[in-house]
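Peer 1: only geometry, no sequence info:
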């Protein structure tokens with residue numbers, strides 16, 4: 001058993017879907033679980049649908065539904081010459097259900113409403129792909145992750161019930177043991193009560209790891225539009241290098257610091273069972289790409305650089321000039337956790353707690369009010385965070401030319417700098 005994950009870019013149009021078939025045919029001897037994301041930017045479009053529902057903007061809602069339907073219909077028309085194929089009926093019924101959402105009662109829980117709507121993207125893409133594979137002669141079985149991946153009710157970022165999920169997935173394999181491939185959805189799961197949940201944005205990589213863990217797969221391959229995992233984002237750095245082999249530990253560190261190729265939660269389930277993770281190009285599937293596995297002897301050979309832009313640099317102090325001790329930190333962390341504010345970097349002194357967060361994910365004025373009356377909050381906007389793995393002085397000096405450094409942290413392997421350009 002192998003697990004292949006195809007992201008939105010790899011199924012963005014009819015030719016991309018045909019390319020998935022081409023890749024699967026390169027592995028005729030293997031039984032493959034195909035985990036697929038929503039097509040192209042469908043998740044973003046469905047998020048707009050949710051906002052229109054909640055804002056009671058019927059005209060915008062209607063147009064958004066039409067646009068999303070037309071996008072998928074174009075792909076289906078290009079793939080299926082027979083207009084009586086069942087996928088046409090499925091598509092129409094799916095959007096009839098979506099259109100009824102506007103007049104349905106709205107839950108007070110935003111996350112619940114979000115998950116019920118946004119999960120449609122993966123359902124559509126997986127149904128289209130499974131139908132196309134069957135049309136082209138593969139024995140493909142469509143799996144519904146809303147019945148296989150069991151989670152809690154923490155909507156928008158649900159937590160996995162591993163024991164229940166492993167049993168459900170293994171039962172699914174036993175139900176269709178002769179299938180050449182199983183096509184299922186990334187990003188989504190379900191509660192014990194049957195409500196749809198999502199695993200957090202970019203959660204399809206994590207889904208692939210879940211299915212691999214549950215089936216003791218031989219490996220996982222994430223198919224991307226890049227040749228593998230690079231040591232830096234080519235948008236910000238020239239002469240990037242391919243990391244051909246790195247350890248699970250190194251991959252977890254890079255993902256934690258913000259490397260965008262893999263989801264931060266993806267690697268750990270694979271490490272627990274020693275399942276290798278490959279990152280390969282769906283444009284050039286014959287190339288080796290990157291392999292993530294236990295051995296770590298290659299980790300230090302190529303330094304990696306990660307930049308987070310548009311950061312808020314926040315300093316919090318007690319209004320009574322008391323120390324930022326364990327009690328004060330507990331209160332700050334409780335507020336951050338309760339409001340789902342994720343910290344990219346933190347440091348404290350006797351009187352100050354300093355942290356860095358993504359500006360687009362935090363309403364700074366709301367945060368200031370939330371910390372009152374106990375704490376005072378000051379901040380700098382438009383700063384950047386640079387993380388260097390396996391650094392040396394030459395690299396640091398080169399990358400910080402012309403930068404005003406506001407904060408610096410170093411460990412044996414990692415150097416991090418908050419700066420203003």
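Peer 2: Perfect, I can see it now. Because the structure is predicted, anything quoted here is derived from the model rather than measured.

Peer 1: for the residue nearest the centre of the chain, what are its contacts?
Peer 2: Central residue of the chain (CA atoms, centre = their mean): residue 202, 1.4 Å from the mean position. Residues in contact with residue 202 (CB atoms under 8 Å, 6 or more residues apart in numbering) are residue 263. Using the backbone N, CA and C atoms, a C-beta is placed for each residue, glycine as well.

Peer 1: again, but for residue 342
Peer 2: By CB under 8 Å, 6+ apart, the residues touching residue 342 are 357-358, 361.

Peer 1: of these, which is the most crowded?
Peer 2: Within these, most neighbours by other CB atoms under 10 Å means residue 357, with 22 neighbours.

Peer 1: that residue pairs with what?
Peer 2: Counting by DSSP bridges, residue 357 is bridged to residue 312.

Peer 1: picking up where we left off before, of the contacts of residue 342, which is the nearest to residue 404?
Peer 2: Comparing the contacts of residue 342 against residue 404 with CB to CB places residue 357 closest, at 19.6 Å.

Peer 1: okay but the closest one is in contact with residue 312, surely?
Peer 2: Yes - counting by CB atoms under 8 Å, residue 312 is a contact partner of residue 357 at 5.2 Å.

Peer 1: still on that earlier bit, a markdown table for the contacts of residue 342, including distance to residue 156?
Peer 2: A markdown table is the format used below for those (distance: CB to CB, whole Å):
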| residue | distance to residue 156 |
| --- | --- |
| 357 | 18 |
| 358 | 16 |
| 361 | 13 |
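
Peer 1: among these, which one sits closest to residue 227?
Peer 2: Using CB to CB, residue 358 is the member of those that sits closest to residue 227, with 27.5 Å.

Peer 1: other SSEs contacting the longest helix along the chain?
Peer 2: Secondary structure of the chain per DSSP state H: the longest helix is helix 58-79. Secondary-structure packing of helix 58-79 (3 or more CB pairs under 8 Å, 6 or more residues apart in numbering; DSSP states H and E): helix 14-24, helix 42-55, helix 86-100, helix 120-135.

Peer 1: those: which one's closest to residue 220?
Peer 2: Closest approach to residue 220 among those (CB to CB): helix 14-24, 14.2 Å.

Peer 1: show me how far stretch 192-210 is from its chain's centre.
Peer 2: 10 Å (CA atoms, centre = their mean, to the nearest Å).

Peer 1: for stretch 228-245, same thing?
Peer 2: Centroid separation between stretch 228-245 and its chain, computed with CA atoms, centre = their mean, is 19 Å.

Peer 1: what's the closest non-adjacent residue to residue 12?
Peer 2: residue 40 (4.0 Å; CB to CB, 6 or more residues apart in numbering).

Peer 1: one more: residue 34?
Peer 2: Take residue 34 and drop its neighbours on the chain: the residue closest to it by CB to CB, 6+ apart is residue 183, 4.7 Å away.

Peer 1: how about the one you found, secondary structure?
Peer 2: State at residue 183, reduced to three classes by DSSP: H, G, I helix; E, B strand; the rest coil: strand.

Peer 1: do I have it right that it meets residue 125?
Peer 2: No - Residue 183 lies out of contact with residue 125 (CB under 8 Å); the separation is 9.3 Å.

Peer 1: give me the common contacts of the two.
Peer 2: Taking CB under 8 Å, 6+ apart as the criterion, residue 183 and residue 125 both touch residue 36.

Peer 1: and these two? which has more neighbours close in?
Peer 2: Between residue 183 and residue 125, counting by other CB under 10 Å, residue 183 is the more crowded of the two (29 against 26).

Peer 1: neighbours of residue 137, how many?
Peer 2: When neighbours are counted by other CB under 10 Å, residue 137 registers 10.

Peer 1: angles on the backbone of it, please.
Peer 2: phi 100, psi 0 (degrees, to the nearest 10).

Peer 1: ok, it - contacts?
Peer 2: Taking CB under 8 Å, 6+ apart as the definition of contact, residue 137 has no neighbours.
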